[in-house]
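1. got a structure for you, letters missing:
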């Protein structure tokens, strides 16, 4: 049987290590020329498949593909574009199969989070209904760390390392000036419904009184009075107070503290500014001078501070995705299975996409302290190995030396398709 081509796409918010997954996947595919012909990447994610805008990765050198391992962002472009239901928008799925047929694609690898796993699951369903043989494998990626059936998600460990480092360093700054100047520092981090990134900030606090003093999770309804009392207590006891807050912080009624009123392409409420809201509340009620910061894209693009564990797992999952596909495992996602905490040991596994699509894994109750303002020792045990190790990128002229691929398009064979 002639080798089939593969389609790979990156989806959703990118990370410091998603290209490490692409690196592993493409490298492994090149080791099996008898089974996989070329790897085509979708330009800007699944949109590249719908518009037949495919990138021929075979035109990139082995050396440049290897450099993806230490390059942040999405090398082929990503997107926030969720395919609708099979029943209502069958034409989109039929278009994907048409493109796959036209380019002899027999493998579909989708590298993303919850919504992306839903897309991979739906593609596997429509392919089966249309009688077109394509093996669909999901590859996890999300800084939110909220995919089920995997110990952790590539991208999270590096964000965790970045935010823990940032709030520790900012804490030293605030402590230096607290007697005569700023007494409050608030860091807003990502996390719509799950507080894993906020929890990671807690790793910076090794002993009582060390920053961050307060963590605000989306899993814990925000109580302004309890919060302000705790802030005041910290300032009186330590001279200052540092706070890490998830963008998805909500009140007891479930209303987001900072919701702009707009929606993103996935239909999620656009968030931002909760750090300023919380900081201003402290100023208004307690009178303390504050500074606040929004980690935003910095936290997920910081390849210079990436976790070695994260890099290695991201790469290994890319390799595993190819091997799962070659074993004929369809409609599954490659996963990380934890074998031990100390020393941290893990292996690759897999889980059905049907059990992962659109399912969010939130912080475990036993990971949040009894007062709701910090992490427990159990949480620290879980998080610690995920941020460990360093594998810095090469530097040139004092700055990280990253790669931009040629990304040459494959000639189109079909008529244009509007999305």
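-> Nice, thanks for sending it over. Being a predicted model, the structure only gives us computed values, none of them experimental.
2. Could you measure from residue 160 over to residue 233?
-> Going from residue 160 to residue 233 by Cβ to Cβ, to the nearest Å gives 27 Å. For every residue, glycine as well, the C-beta is placed using N, CA and C.
3. let me redo that: residue 321
-> Separation of residue 321 from residue 233 (Cβ to Cβ): 49 Å.
4. quick one: which of those two has more around it?
-> Neighbours of residue 321 and residue 233, each counted by other Cβ atoms under 10 Å, are more numerous for residue 321; the result is 31 against 13.
5. Touching, the more buried one and residue 335? I think so.
-> No - applying Cβ atoms under 8 Å as the test, residue 321 and residue 335 come out as separate, 10.7 Å apart.
6. Which helix or which strand is home to the residue nearest the centre of the chain?
-> Nearest to the mean C-alpha position of the chain, by Cα atoms, centre = their mean, lies residue 142 at 2.0 Å. Using DSSP states H and E, residue 142 sits in no helix or strand.
7. for residue 74, same thing?
-> Going by DSSP H and E, residue 74 is not in any helix or strand.
8. check contacts around it.
-> Residues near residue 74 by Cβ atoms under 8 Å, 6 or more residues apart in numbering: 10, 14, 18, 19.
9. now, which of those sits nearest residue 251?
-> Nearest to residue 251 out of these is residue 14 (Cβ to Cβ; 31.1 Å).
10. and the closest residue to that closest one other than its chain neighbours, how far is that from residue 196?
-> Among residues not flanking residue 14 along the chain, residue 74 sits closest, at 4.1 Å (Cβ to Cβ, 6 or more residues apart in numbering). Residue 74 sits 21 Å away from residue 196, going by Cβ to Cβ.
11. count of neighbours near the residue lying closest to residue 326 once chain neighbours are set aside?
-> The shortest distance from residue 326 to any non-neighbouring residue, by Cβ to Cβ, 6+ apart, is to residue 35 (5.7 Å). By other Cβ under 10 Å, 17 other residues sit near residue 35.
12. how close does residue 35 get to residue 4?
-> 8 Å.
13. got it, and residue 416?
-> For residue 416 relative to residue 4 (Cβ to Cβ), the value is 25 Å.
14. Show me which of the two is the more surrounded one.
-> More neighbours surround residue 4 than the other of residue 416 and residue 4, with 19 against 7 (other Cβ under 10 Å).
15. mind listing the helices in the chain by residue range?
-> Taking DSSP state H as the criterion, the chain contains helices spanning 18-30, 46-50, 62-67, 90-102, 114-129, 156-177, 196-201, 224-238, 274-286, 296-301, 308-326, 377-383.
16. Make a markdown table out of those and add distance to residue 209 and mean pLDDT.
-> Listed next are the helices of the chain as a markdown table, based on distance: least, Cβ to Cβ, whole Å; pLDDT from 0 to 100:
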| stretch | distance to residue 209 | mean pLDDT |
| --- | --- | --- |
| helix 18-30 | 37 | 98 |
| helix 46-50 | 48 | 97 |
| helix 62-67 | 43 | 98 |
| helix 90-102 | 55 | 94 |
| helix 114-129 | 37 | 92 |
| helix 156-177 | 10 | 98 |
| helix 196-201 | 16 | 98 |
| helix 224-238 | 5 | 98 |
| helix 274-286 | 19 | 96 |
| helix 296-301 | 25 | 97 |
| helix 308-326 | 29 | 98 |
| helix 377-383 | 16 | 98 |
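17. which of the ones you listed is buried the deepest?
-> helix 196-201 (a mean of 29; mean count of other Cβ atoms under 10 Å).
18. That concludes my questions; thank you for your assistance.
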